[in-house]
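*Asks:* Got a predicted structure plus its sequence, pasted below:
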Amino acid sequence: MEIDLLGIKYAATVDSQGKLESSTLAASADSEISLSIDSGTIVLDSDKKPLQTIEAVIDPNPPPLPEGADYISPVYNLRPQGASFNPPLKLTLSYDPAQLPQGPKENDVYIACYEDGRWEAMRYKQVDTKRHLVTTQIEHFSKYAVLILNEQSTPTPEPSPTPGADRVDVVYFHRTNRCYSCNYAEAATLYALEAYFQEELDSGKLTFESVNVQDDSNAAIIEKYGAYTSQLFINTVTGDNENIEHVTEIWNFIGDDEGFTLLIRTKVTNALEGTS
């Protein structure tokens, strides 16, 4: 797969199923735009075949701004259209602090996606005010730019659609005698939940439970999930329906804090939105 970011080219190896064989970080000159794709990510084109090319160019005719917002970066057109990534890749864009309007602060910048004739703020963001970079996660290609709401506008970007699940239960099962991997998996799962879903945990929309499979008092929940050893499950509850997913991928990321956190964040976000 060839990656071309504003004329700077990289090569990445993708297998016949579209799985990236090694982690890839590609950046344009001066890091105006960069893409970080984890090893094992499935990268497919619009025909669900392994992706052959990725290209990012600056849009010479940027679309109209949303009301009350200002550009502080170029608009980048990422293509091909229809490309998909699972789990999401990280998109990082640089911005010009000199273009910040009076009033808003650098932490207020955000990446927005332009689709179907409208801009929508990305739900996830990380802002590096020292290097003037903002990062988000994307699952497909479109037009992206760094925006900021000006002082006359409402202080909050347009919210994401209301999640579809009534509740999501994250359940980690373990045995009495625990190894490093078992302890790491539980601790890293709890860290990801508390770091990125504290509001949902506080409201009860998201729950976390650690269960010993060798404790007879846990027989009912053990039978419900079919657990027998160290295992992680995500149960999406909608009305009377429960969709239990056994998250086996966690063992591929033991000791990889960033990869493990991204996996849990992606799985839980999809479950909350009812898209998993």
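*Replies:* Great, that's in hand.
*Asks:* chain center to stretch 184-194: distance?
*Replies:* 16 Å (Cα atoms, centre = their mean, to the nearest Å).
*Asks:* With stretch 174-192 instead?
*Replies:* The mean C-alpha position of stretch 174-192 is separated from the chain mean by 22 Å, Cα atoms, centre = their mean.
*Asks:* What of stretch 123-131?
*Replies:* 14 Å.
*Asks:* cool, stretch 60-71 as well?
*Replies:* With Cα atoms, centre = their mean, you get 24 Å for stretch 60-71.
*Asks:* how about that stretch: buried residues?
*Replies:* Within stretch 60-71, the residues that count as buried by 16 or more other Cβ atoms under 10 Å are L65, P66, A69, D70, Y71. C-beta coordinates here come from the backbone N, C-alpha and C atoms, glycine included.
*Asks:* ok, of those residues, which one's closest to E21?
*Replies:* Distance to E21 across the buried residues of stretch 60-71 (Cβ to Cβ) is lowest for Y71, with 36.6 Å.
*Asks:* Could I get the pLDDT score of the closest residue to the closest one other than its chain neighbours?
*Replies:* The shortest distance from Y71 to any non-neighbouring residue, by Cβ to Cβ, 6 or more residues apart in numbering, is to A145 (5.9 Å). Listed pLDDT for A145 reads 96.
*Asks:* before we move on, what about E158?
*Replies:* At E158, pLDDT is 47.
*Asks:* Check the spacing between the nearest residue to Q81 once chain neighbours are set aside and T266 real quick.
*Replies:* Closest residue to Q81 apart from its sequence neighbours, by Cβ to Cβ, 6+ apart: F141 at 6.1 Å. According to Cβ to Cβ, to the nearest Å, F141 stands 17 Å off from T266.
*Asks:* Do a quick rundown of the helices in the chain.
*Replies:* 180-196, 198-203, 219-225, 257-273 (DSSP state H).
*Asks:* Check the offset of the last one from the chain's centre.
*Replies:* Between the centre of helix 257-273 and the centre of its chain there are 7 Å (Cα atoms, centre = their mean).
*Asks:* for that helix, what is the average pLDDT?
*Replies:* 92.
*Asks:* Show me the contact partners of it.
*Replies:* 38, 87-88, 123-124, 137, 161, 163-165, 168, 170, 185, 188-189, 191-193, 195-197, 200, 205-206, 234, 236, 245, 247, 249-250, 252-254, 276 (Cβ atoms under 8 Å, 6 or more residues apart in numbering).
*Asks:* so where do the strands sit in the stretch 51-200 of the chain?
*Replies:* For the stretch 51-200 of the chain, applying DSSP state E, counting those that start in this stretch gives strands covering 53-58, 69-71, 76-79, 84-94, 110-115, 118-121, 126-128, 133-140, 143-149, 167-174.
*Asks:* Distance to A11 for the ones you listed - can I get that in CSV?
*Replies:* As requested, these are exported to CSV (distance: least, Cβ to Cβ, whole Å):
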stretch, distance to A11
strand 53-58, 11
strand 69-71, 32
strand 76-79, 18
strand 84-94, 16
strand 110-115, 26
strand 118-121, 32
strand 126-128, 27
strand 133-140, 21
strand 143-149, 23
strand 167-174, 38
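*Asks:* mind checking which of the ones you listed is nearest S31?
*Replies:* strand 84-94 (5.9 Å).
*Asks:* buried sites along that closest one?
*Replies:* S84, F85, P87, P88, L89, K90, L91, T92, L93, S94.
*Asks:* what angle sits between it and helix 257-273?
*Replies:* 120 degrees (axes from the mean of the first three to the mean of the last three Cα atoms, to 10 degrees).
*Asks:* ok so, going back, need the contact list for the residue nearest to Y71.
*Replies:* Going by Cβ under 8 Å, 6+ apart, the list of residues near A145 reads P62, Y71, S73, P74, V75, Y76, L93, I111, A112, Y114.
*Asks:* Any idea what the last one is bridged to?
*Replies:* The residues listed as beta-bridge partners of Y114 by DSSP bridges are W119, K143.
*Asks:* which one among the buried residues of strand 84-94 gets closest to Y180?
*Replies:* Distance to Y180, by Cβ to Cβ, is smallest for P87 among those, at 24.3 Å.
*Asks:* Which members of the contacts of helix 257-273 are classed as buried?
*Replies:* 38, 87-88, 124, 137, 163, 165, 168, 170, 185, 188-189, 192-193, 196-197, 200, 205-206, 234, 236, 247, 249-250, 253, 276.
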